[in-house]
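In: compute the structure for the input listed below.
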Amino acid sequence: MGVDERRVPAKLRRMGNLLLGGNRDSSNRPRRGWLWLRAGALLVAGGVLGILFTSIPGKIKRGLRELRSPKPAAVATDEADLRRQIESSLRAEMEEKLEHELAAMRKAGDVATKKEPEPDKPDTEEAAVPVIPSLPGVVSDVRLLRPGIPFKTEIKFDKGGIASKERVDAASYVAFYQLSLRLPAPAKTLAELETSSPMLSKLLPGLPGLLAGAEVSAWYGKLYDNKVARVRRDATLLSEILSKHNFFDCETMLNLRAENGRRIFYLQADMDVVSDGSDGDRLPEMPEAIINSAYYQPFTSYAWPKKGTAPNPIIAGWERRIKDAEKELAERTTLAVRKKWLRERLAYLKRGLADLKSRSFLIAEYDPFIVVPVSVLAAHNDPFAPQTGDFALVIYGDQIYPAIVGDGGPSYKVGEASLRIAQQINPRALSNNRPVSDLKVSYVIFPGSRDAERSAPDYAKWRQRCSELVNDIGGVGVGYALHEWPDTLPQLTPPPATPPPATPP
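Out: Residues are numbered from 1 along each chain as shown. This is a model prediction of the structure:
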């Protein structure tokens, strides 16, 4: 059975031939269009090569430095998992950006080849242009950028002097650009929280009492510090700047404490979808589109030692990529900068391959888990900061879903859950289609509640543990109960039994 092909991330389905030009016939192209195409292609290709041939980008190194060091030896495994997650997600982001660059280059080439050259106009008295250009006046425009940001422009023309003087005058050609954002305030009262999630006090009758002593988590401020830093970094790259949706994705982060001392990390946000993970023991077959994808992340921060003999299905795709990289590295024609990139890529792939052979991971399509920023997961000195494996409740509408903290995400956004949870809330949810876009999802996490040893998911056990934890903070409201997760993994066919040795006569 494997993973439903319809649930393969959209970016996997878009994979295909991105080569510029292909075998298109160019014999009848106007020379002017061909020159334009070559110039445009060279410009874009230069940018693509800059991405492709560099060593691990600085942002990967910056991401790895987000994890504080040194750490106690007891959390060494968590550190390695979180570092791997950062590197994996950033490499996937870089490769996806490369695909977009190639697609844009191909699109630009198609437009150039289809555009018909304008016929030359006869030199007539009617076609003559004025000796002195007239001022066009102020040109204004307002359009919505791809990240959902209204972009207002105004172009103003003034009369100047001769061109040779205007060319060297810095004030003759000037652009002013100002990006205005409002930093939101965290919700702290029950009234503010129930603006987005009106059922909270009915589902968790003990919550109003907990809010009396609530403190805004320091991670709320750090989250928005990270958002501001990212906006400042990308402010001039308007197509890549953090979207308005992702900037305003967090209603609050609160540190709560029950009378018995139980700590709660409360997060109110929307819900993005994670579709990562793999486990040969529980799901030995997956679609070829996933196995061969450079974007699919087969790891999750929550992992445990592999028990069975069935290989992880992702291994085949990773071994092919290693073989292809080694072949290209051995070729004499491969450039030195490309070889450096290939060596780094090979080291990453081999580390990942070793993990795939020795460990099992959560599977987002089947396992109910949530994602927390890696910067929070790594904060072992904060007693309210969740860690991988901690138990959690996901509340939406009048439903309460038991889950665990299963993966680490970017440090500049919050609100993400596995495809299993997302599709339970909204059956139309996919990796590129949020189940909830408004800030109506409550994530109630119990720091320090994780099991001492990690093992394969046991949904009934997870639910029982979440039930015990919620009782520590006042229990569930009358008439409500925690959701029960059925096991939807394909049933594995047991291997045929070995016949007993024949008894000698």
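In: pLDDT below threshold where in the stretch 151-300 of the chain?
Out: Within the stretch 151-300 of the chain, the stretches with pLDDT under 70 are 239.
In: can you show me the strands along the stretch 101-250 of the chain?
Out: Here the stretch 101-250 of the chain has its strands, by DSSP state E, counting those that start in this stretch, at 139-144, 150-155, 215-216, 250-257.
In: of the ones you listed, which approaches G308 most closely?
Out: The closest of the strands of the stretch 101-250 of the chain to G308 is strand 250-257. By Cβ to Cβ, the value is 39.1 Å. The way it works is simple: take the backbone N, C-alpha and C, and place the C-beta from them, glycine included.
In: tell me the strands beside the next helix or strand after that closest one, with direction?
Out: Downstream of strand 250-257, the next assigned helix or strand under DSSP states H and E is strand 263-274. Strand 263-274 pairs in its sheet with strand 250-257 (antiparallel), strand 416-418 (parallel), strand 436-445 (antiparallel), by DSSP bridges.
In: what does the longest one rub up against?
Out: Going back to what we said before, that points to strand 436-445. Residues outside strand 436-445 that contact it (Cβ atoms under 8 Å, 6 or more residues apart in numbering): 193, 196-197, 200, 204, 245, 248-251, 264-271, 370, 372, 386, 390-397, 405, 415, 417, 425-426, 470.
In: buried only: go through those for me.
Out: The neighbour count (16 or more other Cβ atoms under 10 Å) marks 193, 196-197, 200, 204, 249-251, 264-271, 370, 372, 386, 390-396, 405, 415, 417, 425, 470 as buried among the contacts of strand 436-445.
In: list the contacts of the closest residue to A218 other than its chain neighbours.
Out: Of all residues not flanking A218 in the chain, D382 sits nearest, at 7.5 Å (Cβ to Cβ, 6 or more residues apart in numbering). Residues near D382 by Cβ under 8 Å, 6+ apart: A218, W219, V376.
In: any idea which of the strands paired with strand 263-274 gets closest to P499?
Out: Evaluated with Cβ to Cβ, these place strand 416-418 nearest to P499, the distance being 42.0 Å.
In: what's the mean pLDDT across the next helix or strand after that closest one?
Out: Under the assignment DSSP H and E, the closest C-terminal helix or strand after strand 416-418 is helix 419-425. Here helix 419-425 scores 98 as its mean pLDDT.
In: how about stretch 361-368?
Out: 98.
In: what about it, distance to the chain center?
Out: Chain-centre distance of stretch 361-368: 16 Å, with Cα atoms, centre = their mean, to the nearest Å.
In: got the end-to-end distance for it?
Out: Here the two ends of stretch 361-368 are set 13 Å apart, with distance taken as Cα to Cα, to the nearest Å.
In: ok, T195 touching T252?
Out: No: in this structure T195 lies outside contact range of T252 using Cβ atoms under 8 Å: 10.9 Å.
In: now the common contact residues for these two.
Out: A187.
In: just to revisit the earlier point, phi, psi for the residue nearest to A218 please.
Out: phi -100, psi 110 (degrees, to the nearest 10).
In: what about it, distance to T309?
Out: 41 Å (Cβ to Cβ, to the nearest Å).
In: excluding its backbone neighbours, what's nearest Y366?
Out: Closest residue to Y366 apart from its sequence neighbours, by Cβ to Cβ, 6+ apart: L489 at 5.2 Å.
In: hmm, the one you found is touching D367, no?
Out: No: L489 is not in contact with D367 according to Cβ under 8 Å; the separation is 9.1 Å.
In: okay, those two: which has more neighbours?
Out: Set side by side, L489 and D367 show more neighbours around D367, with 27 against 15, by other Cβ atoms under 10 Å.
In: state the helix or strand in which the more buried one lies.
Out: In the assignment (DSSP H and E), D367 maps to no helix and no strand.
In: show me what contacts it?
Out: Taking Cβ under 8 Å, 6+ apart as the criterion, D367 is in contact with G277, G406, S418, R420, P457.
In: of the residues you listed, just the buried ones, PyMOL syntax please.
Out: To isolate the buried members of these in PyMOL, using 16+ other Cβ under 10 Å:
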select buried, resi 277+406+418+420+457
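In: quick one: the contacts of D367 as CSV, columns for distance to D451 too.
Out: Listed next are the contacts of D367 as CSV, based on distance: Cβ to Cβ, whole Å:
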residue, distance to D451
G277, 18
G406, 13
S418, 18
R420, 20
P457, 11
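In: what's the closest of the contacts of D367 to L283?
Out: G277 (9.0 Å).
In: I'd say that closest one and A364 touch.
Out: Yes: using Cβ under 8 Å, G277 is in contact with A364, at 5.0 Å.
In: re earlier: out of the contacts of D382, which is nearest to R106?
Out: For the contacts of D382, the closest approach to R106 (Cβ to Cβ) belongs to V376, at 40.0 Å.
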